[in-house]
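**Student:** Dropping a prediction and its sequence here:
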Amino acid sequence: KIGDHIAGLGSLDSFKPQELSNISWAFSAAGVSHAELFEKIAYHIAGLDCLDSFKPQELANTVHAFCNAVRPHPALFDKIGHYIA
């Protein structure tokens, strides 16, 4: 239910980077690959102007969660890859 609620929100602007990372990680760790939720989070992060508000651990956890949930998202991975390079 919580995944459906978050995926249905108009915007994720009110979520802090750690919250986005934790949500991704929690669903992945629980073995729940909620397609709409992962897409929503991926597009939100990929669409940010800058990732300076994310700590390195939050970015690492987010990437790990997407990989573990088998939800690859090239735009998200490119955004994070360019940021850390």
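**Tutor:** Right, received. Where do you want to start?
**Student:** can you list contacts of the helix or strand where residue 67 lies?
**Tutor:** Assigned by DSSP states H and E, residue 67 falls within helix 56-68. With CB atoms under 8 Å, 6 or more residues apart in numbering as the test, helix 56-68 has contacts from 17-18, 20-22, 24-25, 27-29, 38, 41-42, 45, 51, 54, 72-73, 76-77, 80, 83-84. C-beta here means a position set from N, CA and C on the backbone, and glycine is covered the same way.
**Student:** So which residues of the protein form helices?
**Tutor:** Ranges of helices within the chain are 2-7, 17-29, 35-46, 56-68, 74-84, based on DSSP state H.
**Student:** could you dump those to TSV with mean neighbour count and mean pLDDT?
**Tutor:** Compiled in TSV, the helices of the chain are given as follows (neighbours: other CB atoms under 10 Å; pLDDT from 0 to 100):
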stretch	mean neighbour count	mean pLDDT
helix 2-7	14	94
helix 17-29	19	96
helix 35-46	18	96
helix 56-68	17	95
helix 74-84	14	95
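**Student:** Tell me who's in contact with the spatially most central residue of the chain.
**Tutor:** Central residue of the chain (CA atoms, centre = their mean): residue 41, 4.2 Å from the mean position. The contact partners of residue 41, by CB under 8 Å, 6+ apart, come to 12, 20, 23-24, 62.
**Student:** Please name the residues that touch residue 44.
**Tutor:** Residue 44 touches 11-13, 15, 20, counting by CB under 8 Å, 6+ apart.
**Student:** For the residues you listed, which entry has the maximal number of neighbours?
**Tutor:** Of all the contacts of residue 44, residue 20 has the most neighbours under the rule other CB atoms under 10 Å, reaching 22 neighbours.
**Student:** Excluding chain neighbours, give the residue nearest to that one in space.
**Tutor:** residue 41 (5.5 Å; CB to CB, 6 or more residues apart in numbering).
**Student:** Can you tell me how far that neighbour is from residue 22?
**Tutor:** 11 Å (CB to CB, to the nearest Å).
**Student:** and what of residue 35?
**Tutor:** For residue 35 relative to residue 22 (CB to CB), the value is 19 Å.
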